[in-house]
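**Q** here are the coordinates; sequence isn't available:
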Ligand code: THU
């Protein structure tokens, strides 16, 4: 599938749809996220807050769980919205989550247009870094 063929409007609609299910008694800031997987699935998630504020699950956490529990795959295109259906940027932690499953070329619809993951998370730490450590000499 060519990048220009990605179903951006459908992804945004799915993100808006799931944002209505968000559990946000503390911030009152619902978020919905949706992404296209390389097998054609669309995965999605909403934020789920907690009385222990720091334990809150961002919408992207639910999306990644949906991806993995549904059989895995690589993310190709991603959209995230607030309650007004405005596009928003994933927080820093969630950019790292997305990097793991989409890599540098993941396309993101941002408030400034379509951007790639490596544009919004430059010089990311990722799975490749774990492979590039020189073996230690001698015993482990
Ligand atoms: N939030 C997300 O769900 N994703 C993001 O990338 C940004 C922030 C949620 C977390 C919290 O429930 C609310 O937005 C306000 O920070």
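**A** Here it is on my side, so go on. In this text the structure is predicted, and so the values were computed from the model without any measurement.

**Q** For the chain, which segments count as strands?
**A** Taking DSSP state E, the strands of the chain run over residues 32-37, 42-46, 75-81, 107-110, 113-116.

**Q** Buried deepest among these, which one?
**A** strand 32-37 (a mean of 27; mean count of other CB atoms under 10 Å). All C-beta atoms are positioned from the backbone trio N, CA, C, and that covers glycine.

**Q** List the strands paired with that strand, with their directions.
**A** strand 42-46 (antiparallel), strand 75-81 (antiparallel) (DSSP bridges).

**Q** ok, that strand near the ligand or not?
**A** No - using CB under 6 Å from any ligand atom, we find that strand 32-37 stays clear of the ligand, coming within 6.9 Å at best.

**Q** how long is stretch 94-108 from one end to the other?
**A** 13 Å (CA to CA, to the nearest Å).

**Q** Ok, stretch 72-88 next?
**A** By CA to CA, the extent of stretch 72-88 from end to end equals 25 Å.

**Q** next one: stretch 126-135
**A** End-to-end distance of stretch 126-135: 19 Å, with CA to CA as the criterion.

**Q** go on, stretch 16-24?
**A** First residue to last in stretch 16-24 (CA to CA) measures 15 Å.

**Q** can you tell me if that stretch touches the ligand.
**A** Yes - residues of stretch 16-24 are located near the ligand by CB under 6 Å from any ligand atom, namely residue 24.

**Q** Residue numbering should commence at 59 henceforth.
**A** I'll keep to 59 as the first residue from here, and by that count the last item is stretch 74-82.

**Q** quick one: that stretch to chain centroid distance?
**A** From the chain centre to the centre of stretch 74-82 is a distance of 15 Å (CA atoms, centre = their mean, to the nearest Å).

**Q** again, but for stretch 149-165
**A** What separates the centre of stretch 149-165 from the centre of its chain is 6 Å, taken as CA atoms, centre = their mean.
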